[in-house]
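Peer 1: give me a 3D structure for the following:
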Amino acid sequence: MGFAASVNWRAPHRCGRASRTAGLKAASSRASAGNPDARVWIDLRTALNYCPGEPQYARHPNGRFARQIEAQLDHFEPASRRACK
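Peer 2: Modelled structure (predicted):
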């Protein structure tokens, strides 16, 4: 009996509804932190975003401008570990 034959491919997914919705709630609260319309610089190589006034703002060659809400929804993390005001 090979490996593929020993695996039950039809096993039901045991993740409860409460745990799935809790993850969505946490993600939406992170995405709403700070000013959603703030213009941030996102570094595509490091997946970090920079607020206006930070030394690295608009200085990385591998980046572009975006609204803060777009950066948050695309999973870019603030370099300063807090959202722009």
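Peer 1: any idea of the mean pLDDT in the host helix or strand of E70?
Peer 2: Assignment of secondary structure by DSSP states H and E places E70 within helix 68-73. Averaging pLDDT along helix 68-73 gives 97.
Peer 1: which outside residues touch it?
Peer 2: For helix 68-73, the surrounding residues in contact (CB atoms under 8 Å, 6 or more residues apart in numbering) are 30-40, 42, 49, 83-84. In this view, the C-beta of every residue, glycine as well, is placed from N, C-alpha and C.
Peer 1: ok, so of those residues, who is nearest R64?
Peer 2: When the contacts of helix 68-73 are compared for distance to R64 (CB to CB), I42 wins out at 6.1 Å.
Peer 1: how would you label the closest one: helix, strand or coil?
Peer 2: Three states are possible here, and by DSSP: H, G, I helix; E, B strand; the rest coil the one that applies to I42 is strand.
Peer 1: wait, it sits on C51?
Peer 2: No. With contact taken as CB atoms under 8 Å, I42 and C51 are classed as non-touching, separated by 11.1 Å.
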